[in-house]
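Visitor: kindly generate the corresponding structure for this input.
(chains A and B)
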Amino acid sequence: MLLRLPTSLHYPITVTSLLKQPGDTVEKDEALFWYAYETTVTEGDGLGNTAEVKRRYPTRFESTVDGEVVKWQIQKGDVIDEPVNVVEIDEPCAHEIQFGGLCAECGKDMTESTYNTEITDSMRAPISMAHDNVTLTVSEREATRVEEDAKRRLLASRRLTLVVDLDQTIIHATVDPTVGEWREDKQNPNHEAVKDVRQFQLIDDGPGMRGCWYYIKLRPGLEEFLQNVAEIYELHIYTMGTRAYAQHIVDIIDPTRKLFGDRILSRDESGSLTVKDLQRLFPVDTKMVVIIDDRGDIWRWSPNLIKVSPYDFFVGIGDINSSFLPKKEDIGVNKPQIEAKAPEKTKEHHVNGKTQEGAEVSALEQLVTMGGDSPRLLQEQADAQEETILHQVEDRPLLQKQKELEAEDTAGTSEASSSVEDTQEPTKHRHHLLEDHDQELFQLQNRLEQVHLQFYDEYDKRRTLALGGRVAALRGEKVHSRDKDVDLKLVPDVKDIMPQIKRRILGGVVLVFSGVLPLGIDFQNADISLWAKSFGVTISSRVNARTTHLVAGRNRTAKVREATRYPNIKIVTTQWLVDALVQWRHVDEEPYLLPLHPDDRGDPLTPSELELEASMLSSTDEDMTGSQWTQEDDAEDIFKSSGLDETSPIGYDADEQAAVHDELKDFLGSDDESESDTESLLDEPSTGGKKRKRNGETESGTDEEESGDEDGDDHDKQGSRLSQRIKRSYERNTKLREITSAPASGSDQVSLGLPKTSVVEGVSDTETTGTSGPKADYPDPDDDDDELEREMLAAFEGGGYDSQAETDTAAENG
Amino acid sequence: MFFLKEETKVISMHPSYFGPNMREYLIGRLNEEEEGRCTGDHFVICVMDMVDIGEGRVMPGIGMAEYTIRYRAIIWKPFRGETVDAIVTSVKPTGIFTLAGPLSVFIARKNIPSDIKWEPNTVPPQYTDHADQVIEKGTSLRLKILGVKPDVAAINAIGTIKEDYLGPL
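Guide: Predicted structure coming up:
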């Protein structure tokens, strides 16, 4: 070890003599060399006078370690101005492995410190490496050595490492005793689903939870999955459950311990209760590690991660060990998962939506929010977990839900109306609450095989290259047998390979979210965005010509309207994105196309403009999209086929139409109100999120919505696009006239003063551009967005609403 | 090393236990609280007998009776250099974890004879010299303690099997 001077010395110092020669042994705190330093001190002369005097003091420098002096790096007479390396000392033990504060090799106490201690010896081995023990720590060098050994072994057997999460990834656990009852009761509709649920009892799981029974549902195909995957991966478990819990689960899924051995890491040893860190298991490098987990955020979206869709068998239970984790962002990620499991079409979920949403928010997650690692918080979180477990045991959420379901079921059958029957059908089908259709593991196995194959292909390629090169270079020389075996430098990195595979899947996709993430969330860093980005998706905030997909959580948003104008944009439900991410392939958009409300359909760009747009596009899949949307009729067909017939206005009779008009009037009225709301909101940002959300949509959408809605009806009646447009421009004018005349009423003055500013301020806003985009877009769609904005700004400021609309119409009409 | 040590302990007794079985209750309490306890310095293995129970004193204000009990107990204090028998709890590439009774002892790879090698490919993984010596989970080992570190309520120790007559039994 190289001894270095501490910063605390009184520099500059002059070395006056070396006390040890190379080969001499030194003990801790034994003097190594003499040095002298100068300093000013205050001295008295004995007569009461003091003077500042410069003095030179000799001092010894003492060794901080035991060992044998190997080499001096300073000489007698050197003047040293700053901390430098002084001497190399060969230690008999470098204390690289420590156990509970002891050096595991020499048995010395690592925690003792003296006046001379710079860094305690325990800092020499800071890395905790063993799965099931935190008292054992090793130095970086030792960790590297152990890891390299492991890597050699893996390469020799052509395997990789797989870190497996338990809860909601390969199993689903609950403590709801209802499961046990259903399991016994053969008459119960859920019996079929729960009959293979395993159970165990945790005795010492903290006060209040004594002897709690845990019910474990294995993900379908788990046994086969583990068997197959174990051949190409070395399996590790990393769970946020307790050690006892993990052991019990392993007893169930791997009774012989052939798959996992004792490579189990639980939250007792994790070191952090809020994040999982690959460094805990693989401190040096993670080139050969793949993770499967249902949560991306707790891994900080590590590139080694394959995110799987959460296994949610016991509906609404969630992850019973998630109390310690940050709250899951549910938006668009979790919800569609549950829906996906039920074999129904999206539309029917409008009916079942209510019960399902209730099911989503697990009691756990309501109770617990994100937190750090402070002891008080941990206690709170532990309490919270305990409470939820008790809550689950007592309240039996599953039983409640089944009852609810049955109630709904009977209600459904009693109603005779045909339309109701149609929508109730899925409910009947879901007569039993628990479904067991999960296919994730089969797909997951394919993905893991894919990664494994890619990794070893790459490795083999590099190795042949390297071998060939070396043979040429060392012709005639013997190649070391070890080099022939494995070469760690050639090992490719899973962190490169996986993203490579993933980026191929959705590369080139430019997404815009609409109604998926709540306002106020950073759409670039939301869970689903990060997940999507790891697949090469680009996420943009606004719809433009480069956009390829609009992922809409709700129908009838401003962005949906905007997107309809671009033939290349596929408007899909969130499910499409989730399925693509889960299945690792560019799934066909057709089944996921959002059923559009006819009123929302914007005018498609004219063929010539289309060509211009198309020429701008670099996306490869424009061809297949284009044909779908260029013709309105085609689009119409799609609406019909997607089951919109009741709402589609084709079959309207006069009464209905009148009703629609009334509704529309109300709607327009309410919109005006909301517009003024918006403005007052600008001054008080603390107003509720709900309102705000609406503003986001309406503020921008108002104009278009009004005119658009009218259009829709007219369109169906008259069918002529020309008359439609004329009508629209007329509508626009009237609306504006209304607004200008409004100040006369006086009461609205404040709110009317503000809209203008808001529009001006909001120009940079997506929504504003989104709505007014079409107008300015028509003359020259080639313009980039900035120019567009500027134009709009000018138009707005110049009060050119009317004229703008007129030019618009003119442009459109010829 | 084992010792027979005389110690004292203060036990306070709730008034509801005042009665003919007081003595049995005290013995029960003493055994329950003391046996198996780790003081950080030694383990209390077994309470032998009570030398003196002393007179109970009712504490003013709360009514509990306080007994100062002198008892003899067998304790075990592990020393550096002591040879003990232990059972392997898990084997890792860095070494072997063992339990010598209540004491957890770690044997680093360096303190394992060089002919006994880490063999990760077996199930379960083991250290073996590919002859008659196999160390895996559950194996009994004779080891020598190299260092002992007392903690608040536990003792950690380092051991070696790299000497004559040490190793699997």
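Visitor: which residues of chain A lie near chain B?
Guide: A:97, A:99-109, A:111, A:129-130, A:132-133, A:135-136, A:138, A:142, A:146, A:149-150, A:153, A:157, A:256-258, A:261-262 (Cβ under 8 Å from any Cβ of the partner chain). Just so you know, the C-beta spots here come from the backbone N, C-alpha and C atoms, and that holds for glycine as well.
Visitor: mind redoing it with 7 Å?
Guide: When proximity is defined as Cβ under 7 Å from any Cβ of the partner chain, chain A approaches chain B at A:97, A:99-102, A:104-105, A:107-109, A:129-130, A:132-133, A:135-136, A:138, A:142, A:146, A:149, A:153, A:257-258, A:261-262.
Visitor: would you map the helices across chain B?
Guide: Using DSSP state H, the helices of chain B run over B:22-34.
Visitor: tell me the residues on it that lie near chain A, please.
Guide: Counting by Cβ under 7 Å from any Cβ, chain B comes close to chain A at B:80, B:90, B:92-95, B:97, B:106, B:108, B:110-111, B:120, B:123-125, B:146-147, B:149, B:151, B:156, B:158.
Visitor: just the buried ones from the residues you listed, in PyMOL syntax?
Guide: Per 16 or more other Cβ atoms under 10 Å in any protein chain shown, the buried members of the residues of chain B next to chain A correspond to this PyMOL selection:
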select buried, chain B and resi 90+92+93+94+95+97+106+108+110+111+120+125+146+147+149+156+158
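Visitor: would you confirm that A:Phe33 contacts A:Gln21?
Guide: No - between A:Phe33 and A:Gln21 there is no contact under Cβ atoms under 7 Å: 11.2 Å.
Visitor: who has more neighbours out of the two?
Guide: Remark: of A:Phe33 and A:Gln21, A:Phe33 carries more neighbours, 21 against 8, as counted by other Cβ atoms under 10 Å in any protein chain shown.
Visitor: can you pull the contacts of the more buried one?
Guide: Contact analysis of A:Phe33 by Cβ atoms under 7 Å, 6 or more residues apart in numbering or on different chains lists A:Val15, A:Ser17, A:Leu18, A:Leu19, A:Phe61.
Visitor: change it to 6 Å
Guide: By Cβ atoms under 6 Å, 6 or more residues apart in numbering or on different chains, the contact set of A:Phe33 is A:Val15, A:Leu18, A:Leu19, A:Phe61.
Visitor: among those, list the two that are farthest apart in space.
Guide: A:Val15 and A:Leu19 (10.8 Å; Cβ to Cβ).
Visitor: which one's more surrounded, those two?
Guide: Between A:Val15 and A:Leu19, counting by other Cβ under 10 Å, A:Val15 is the more crowded of the two (19 against 15).
Visitor: that one belongs to a strand, doesn't it?
Guide: Yes - looking at A:Val15 with DSSP: H, G, I helix; E, B strand; the rest coil, it is inside a strand.
Visitor: my guess is it contacts A:Asp78. True?
Guide: Yes - contact criterion Cβ atoms under 6 Å: A:Val15 and A:Asp78 qualify, at 4.7 Å.
Visitor: and chain B, what are its domains?
Guide: B:2-76, B:83-168 (automatic domain parsing).
Visitor: what's next to the helix or strand of chain B with the lowest mean pLDDT, contact-wise?
Guide: Across the helices and strands of chain B, mean pLDDT, DSSP states H and E gives its lowest value to strand B:117-119, namely a mean of 87. Identification of contacts with strand B:117-119 by Cβ under 6 Å, 6+ apart yields B:Pro93, B:Gln126, B:Tyr127, B:Thr128.
Visitor: most neighbours, which of the residues you listed?
Guide: Most surrounded of the contacts of strand B:117-119: other Cβ under 10 Å gives B:Tyr127, at 26 neighbours.
Visitor: show me what contacts that residue?
Guide: By Cβ under 6 Å, 6+ apart, the neighbours of B:Tyr127 are B:Val91, B:Ile116, B:Trp118, B:Ile135.
Visitor: and for A:Asp176?
Guide: A:Gln392, A:Arg396, A:Leu398.
Visitor: got it, and B:Tyr17?
Guide: So B:Tyr17 contacts B:Tyr25 (Cβ under 6 Å, 6+ apart).
Visitor: for stretch A:505-522, buried residues please.
Guide: Under the neighbour-count criterion of 16+ other Cβ under 10 Å, stretch A:505-522 has A:Ile505, A:Leu506, A:Val509, A:Val510, A:Leu511, A:Val512, A:Phe513, A:Ser514, A:Gly515, A:Val516, A:Leu517, A:Pro518 buried.
Visitor: the last one should be in a helix, yeah?
Guide: No - residue state for A:Pro518 (three-state DSSP) corresponds to coil; a helix is not indicated.
Visitor: how much space between it and A:Ala526?
Guide: Look at A:Pro518 and A:Ala526: by Cβ to Cβ, to the nearest Å, they are 9 Å apart.
Visitor: could you find the closest non-adjacent residue to A:Trp72?
Guide: The shortest distance from A:Trp72 to any non-neighbouring residue, by Cβ to Cβ, 6 or more residues apart in numbering or on different chains, is to A:Val87 (5.3 Å).
Visitor: per-residue confidence for the most centrally placed residue in chain B?
Guide: Centroid-nearest residue in chain B, with Cα atoms, centre = their mean: B:Pro102, separated by 2.9 Å. With respect to pLDDT, B:Pro102 scores 89.
Visitor: over to A:Thr734?
Guide: For A:Thr734, pLDDT reads 48.
Visitor: please enumerate the strands of chain B.
Guide: B:2-13, B:43-52, B:57-58, B:65-76, B:83-92, B:95-100, B:103-108, B:117-119, B:126-128, B:134-135, B:140-150, B:155-160, B:167-168 (DSSP state E).
Visitor: on that earlier part again, closest to A:Arg243 among the contacts of A:Asp176?
Guide: Checking the contacts of A:Asp176 against A:Arg243 by Cβ to Cβ gives A:Gln392 as the nearest, at 21.3 Å.
Visitor: that's a helix at that closest one, yeah?
Guide: Yes - using three-state DSSP, the secondary structure at A:Gln392 is a helix.
Visitor: roughly how far apart are B:Asn31 and chain A?
Guide: As judged by Cβ to the nearest Cβ, to the nearest Å, B:Asn31 and chain A stand 21 Å apart.
Visitor: what's the nearest residue to that residue if we skip its chain neighbours?
Guide: B:Val47 (5.4 Å).
Visitor: can you read off the pLDDT for the one you found?
Guide: In this prediction, B:Val47 carries a pLDDT score of 92.
Visitor: strands along the stretch 251-400 of chain A, start to end?
Guide: Using DSSP state E, counting those that start in this stretch, the strands found in the stretch 251-400 of chain A span residues A:264-265, A:289-293, A:305-307.
Visitor: partners of the last one, with directions?
Guide: For strand A:305-307, the pairing partners within the sheet under DSSP bridges are strand A:289-293 (parallel).
Visitor: buried residues in the partner strand?
Guide: Quick answer for strand A:289-293 (16+ other Cβ under 10 Å): A:Val289, A:Val290, A:Ile291, A:Ile292, A:Asp293.
Visitor: ok, of the residues you listed, which one's closest to chain B?
Guide: Using Cβ to the nearest Cβ, A:Val289 comes nearest to chain B of the buried residues of strand A:289-293, at 16.4 Å.
Visitor: host element of the closest residue to that closest one other than its chain neighbours?
Guide: Excluding the flanking residues, the one nearest A:Val289 by Cβ to Cβ, 6+ apart is A:Thr161, at 4.6 Å. Secondary structure from DSSP states H and E places A:Thr161 in strand A:160-164.
Visitor: pLDDT averaged over that strand - what is it?
Guide: Here strand A:160-164 scores 90 as its mean pLDDT.
Visitor: run through who's touching stretch A:579-598.
Guide: Residues outside stretch A:579-598 that contact it (Cβ under 6 Å, 6+ apart) are A:309, A:443, A:447, A:505, A:531, A:552, A:556, A:570-573, A:575-576, A:642, A:644, A:712.
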